[in-house]
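> Please find the sequence and the predicted model below.
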Amino acid sequence: MQDDNKIMTLHPQGKKGVNILKRRYDTIKDFMLDTIKAHGEISYSDLNDLAVDKLTDTFDGKVPWYVVTVKLDLEARGVIERVPKTSPHKVRMKT
């Protein structure tokens, strides 16, 4: 049974996701989507740095861990995508 306060994340390579608090997921997801939309394309490291700078004081978890977890989930759901042939890798909204 799915706990209403949690979400099971997905992984783009079909690996097992993790069960995390939905409010934490939503905080990171909203920040990431707003940031990606504002930049068009952004490197994963820049996205992570911005999240740490903006969210660490108010977020009750390890921001970098949640950023990577939510990023993989959003890729698996087809919301964002890695930009091909970028190093360091960049992400963008999937069209």
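Yes, it's here.
> so what pLDDT did V79 get?
V79 carries a pLDDT score of 98 in this model.
> Please apply the same query to P88.
Listed pLDDT for P88 reads 90.
> Next, the contact list for the closest residue to it other than its chain neighbours, please.
Of all residues not flanking P88 in the chain, S43 sits nearest, at 5.1 Å (CB to CB, 6 or more residues apart in numbering). (C-beta placed from N, C-alpha, C; glycine too.) Shown in contact with S43 (CB atoms under 8 Å, 6 or more residues apart in numbering): T86, P88, H89, K90, V91.
> Identify the farthest-apart pair in the residues you listed.
Within the contacts of S43, P88 and V91 form the most distant pair, 10.6 Å apart (CB to CB).
> who touches both of these two?
S43, Y44.
> neighbour-wise, which of the two wins?
Ranked by neighbour count (other CB atoms under 10 Å), P88 and V91 place V91 first, with 23 against 8.
> about what we covered before: and the residue nearest to P88, what are its phi and psi?
phi -70, psi 150 (degrees, to the nearest 10).
> Distance from the chain centre to stretch 6-20, please.
Its chain's C-alpha centre lies 12 Å from the corresponding centre of stretch 6-20 when counted by CA atoms, centre = their mean, to the nearest Å.
> now the end-to-end length of that stretch.
End-to-end distance for stretch 6-20: 5 Å, by CA to CA, to the nearest Å.
> Could you list the buried residues of it?
Of the residues in stretch 6-20, I7, T9, L10, I20 count as buried by neighbour count, 16 or more other CB atoms under 10 Å.
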